[in-house]
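Chemist: Pasted the sequence and its predicted model underneath.
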Amino acid sequence: MTGRQRADRRAGLAFVAPAALALAALALYPSLWVLWLSLQHRVPIFGIARFTGLDHYAFLAADPRFWNAVQVTLVFTGVSVALELALGLAAALALQRQRAGRRLALSLLLLAWALPSVVTARLFEWLYHPSAGLVNALLGRSLNWLGDPTLALPGLILADVWRTMPFVALLCYARLLTIPIEVYEAARVDGAGRLATFRSVTLPLLRSILLVALLFRTLDALRAFDLMFVLTGGGPAGTTETLTVYAYRSLFQTLQLGFGAALGVVIFALVMAVAAGYLRALRREGLAA
Amino acid sequence: MRVRRRAADVAVLLLLAAWATPYFWQLRTSFTPDAELLATTRVLPAAPTAIHYQAVLERSVMPQALGNSLAVASLTTLVALALGLPAAYGIARLPVPGKGLLLLVVVACTAFPQIATVSPLYLLLRALGLRDTWTALVLANTSFALPLLIWLLAGFIREIPIEVEEAAFLDGAGRLRVLGRVVLPLIAPGVASAALLTFLAAWNEFLFAYTFTATEASRTVPVALALFPGVFEVPWGDIAAASILASLPPVLIVIGLHRWLVRGLVAGALKE
């Protein structure tokens, strides 16, 4: 080992150590601690803290509220991610042909994505207002969007799609810009129509970025909390109560830290399983190392 | 042909403007007097008023929340940059033992659900006596800001040709000097993008802020907006004005700095 290599090794450790320590203390340690918490019966206000093993998980397995939350989470994630990808792709294709006003177009597109999700919740709460809301005014109805058990989840999904479609659109748009114009000209020379060009040229080139967008969006939708917590609070009658909302209510409203931690661990496992599944799919595509 | 092209451009802009309607509608509501709130058929209020902004700025916790958010988001960005920049350089360029594991941890951290780490962090911050302080929020936000920043910055650093750094070494510069004098100026646009994304994420963060704060001493804008008081009736006009104030930095960033934003967003996703 030369002097330079030794110096580099020392420098490397010194450069990386502060961040590694911060991540260990603020991310890794809590993620292990939550596992430990989930094995305890812990209610701080009553000074209760004892080991209960897997009791919380056994309770969850037979808990109808838990299975309802699982269903709400999966429906919310599946439907909103599907809509976001479809609309985002459409928006990107529309933007691809844009000549004038690109800057304005991007600003308008990104506006919804950049807002705090609490603001989005407040925006839609007002849009859905039974008597003064814009949605009912446009429909000429007086539906109680957030109070009706059949309408609350669609209403919530719509708000989420509004907020996150721009992210998918932007990723696809950035990828489209990297496709050389010659590729399209070659397709035209070969006599390919618009639809054929889209199916055989554009879509295959977008495949990888769509997979990445699918990964990011699925993970975010599974972890989503702010929007439903502020917009519907999980109601009416639990129809919008996702796992995250159930976990939060258990942790900080009924103050059962151990039980809430068990719900957190379930969400954790779900997110990691989805991430691992996607990474395998990406690797099959030859996209990830 | 050119006319058709132009018409298509305008159509796309109109569709995107329509997509942004929920925001514009809230902007309209924030200038609408209470008596007119039910008049949904008018595009603009008949008698626009600033009364809601006056109420929010003079009689709510919003001004203090704006100050808290500005401080917490700026400090989070600074702390994450100070820790993340050297780490990203180390990962990109130096022979750090256990680098593969570290990179795996960084990527995994970006996927950690906040709802899982919020309870241990709550116990940790409470034990440190940090509840209801800016410090608590900055530390908690660092848990998601730092991995994102390391990931983005390491990508930007790898794009620099290594020869540039070699030249500086021949002049006898140490690693720290190379990072500060050679690498940093070259990745400045990337650092700006990453910092902007971090600031935005910290400004918008709700779960940690809602859990770790207790009074207006540290409550951030999203928390103040979520808890916005309505005693007998929901003050829709005031809420609209508060929402518009809460969205001010994101909106300014999207209007003025969106090119930087796009760069950071795309870099995170296109690089595998």
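Modeler: Perfect, thanks for sending it. Numbering: from 1, shown residues only, chains lettered A, B, ... in the order given.

Chemist: Kindly provide the distance from the nearest residue to residue B:164 once chain neighbours are set aside to residue A:9.
Modeler: If you skip the residues right next to it in sequence, residue B:164 has residue B:182 as its closest partner in space, 6.1 Å away by CB to CB, 6 or more residues apart in numbering or on different chains. C-beta coordinates here come from the backbone N, C-alpha and C atoms, glycine included. For residue B:182, the distance to residue A:9 (CB to CB, to the nearest Å) stands at 20 Å.

Chemist: Spatially central, which residue of chain A would that be?
Modeler: Centroid check for chain A by CA atoms, centre = their mean gives residue A:220 as the closest residue, at 1.6 Å.

Chemist: So that one sits against residue A:168, correct?
Modeler: No: with contact defined as CB atoms under 8 Å, residue A:220 does not count as touching residue A:168 (11.1 Å).

Chemist: if I look at these two, which residues touch both of them?
Modeler: Where contact means CB atoms under 8 Å, 6 or more residues apart in numbering or on different chains, no residue is in contact with each of residue A:220 and residue A:168.

Chemist: related to what we said a few turns ago, surely the residue nearest to residue B:164 and residue B:165 touch.
Modeler: Yes: contact status for residue B:182 versus residue B:165: in contact at 5.9 Å, counting by CB under 8 Å.

Chemist: show me what contacts the residue nearest to residue B:164?
Modeler: Under the criterion of CB under 8 Å, 6+ apart, the contact list for residue B:182 reads B:164, B:165, B:168, B:173.

Chemist: what about the second one, neighbour count?
Modeler: Using other CB atoms under 10 Å in any protein chain shown, residue B:165 is surrounded by 19 other residues.

Chemist: residue contacts, it?
Modeler: Contact partners of residue B:165, counting by CB under 8 Å, 6+ apart, are B:93, B:178, B:182, B:183.

Chemist: Widest-spaced pair of those residues?
Modeler: B:93 and B:182 (11.3 Å; CB to CB).

Chemist: Using PDB, write down the CA coordinates of stretch A:180-191.
Modeler: Written as PDB, here are the backbone C-alpha positions of stretch A:180-191 (Å, rounded to 0.1, in the frame of the first residue of the first chain):
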ATOM      1  CA  PRO A 180     -33.000  11.000 -31.000                       C
ATOM      2  CA  ILE A 181     -35.300  12.400 -33.600                       C
ATOM      3  CA  GLU A 182     -33.700  10.000 -36.200                       C
ATOM      4  CA  VAL A 183     -35.400   7.100 -34.500                       C
ATOM      5  CA  TYR A 184     -38.800   8.600 -35.300                       C
ATOM      6  CA  GLU A 185     -37.700   9.500 -38.800                       C
ATOM      7  CA  ALA A 186     -36.600   6.000 -39.500                       C
ATOM      8  CA  ALA A 187     -39.900   4.700 -38.300                       C
ATOM      9  CA  ARG A 188     -41.700   7.100 -40.600                       C
ATOM     10  CA  VAL A 189     -39.600   6.000 -43.600                       C
ATOM     11  CA  ASP A 190     -40.500   2.400 -42.800                       C
ATOM     12  CA  GLY A 191     -44.100   3.500 -43.100                       C
END
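
Chemist: Could you check how far whichever helix or strand residue A:221 is part of is from the centre of its chain?
Modeler: Remark: residue A:221 resides in helix A:203-223, with elements defined by DSSP states H and E. Mean-position distance between helix A:203-223 and its chain equals 10 Å (CA atoms, centre = their mean, to the nearest Å).

Chemist: How about stretch A:139-150?
Modeler: With CA atoms, centre = their mean as the basis, the distance from the averaged C-alpha position of stretch A:139-150 to the chain average is 26 Å.

Chemist: what does it contact?
Modeler: With CB under 8 Å, 6+ apart, stretch A:139-150 has contacts from A:125, A:128, A:130-131, A:133, A:135-136, A:151-152, A:155, A:231-232, A:235-237, A:239.

Chemist: what does the stretch 151-272 of chain B put close to chain A?
Modeler: B:174-176, B:179, B:200, B:203-204, B:206-207, B:211, B:221-223, B:225-226, B:228, B:236, B:239-240, B:242-243, B:246-247, B:250-251, B:253-255, B:258, B:261-262, B:265-266, B:269-270, B:272 (CB under 8 Å from any CB of the partner chain).

Chemist: For ChimeraX, what selects the buried ones among the residues you listed?
Modeler: Restricted to buried positions by 16 or more other CB atoms under 10 Å in any protein chain shown, the ChimeraX selection for these reads:
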select /B:175,179,200,203,204,206,207,211,221,222,223,225,226,228,236,239,240,242,243,246,247,250,251,253,254,258,261,262,265,266,269
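
Chemist: Keep only those of the residues of the stretch 151-272 of chain B next to chain A that are in strands.
Modeler: Among these, no member is found in strands (DSSP state E).

Chemist: From the residues of the stretch 151-272 of chain B next to chain A, which land in helices?
Modeler: Of the positions in these, B:175-176, B:200, B:203-204, B:207, B:211, B:221-223, B:225-226, B:236, B:239-240, B:242-243, B:246, B:250-251, B:253-255, B:258, B:261-262, B:265-266, B:269-270 sit in helices, assigned by DSSP state H.
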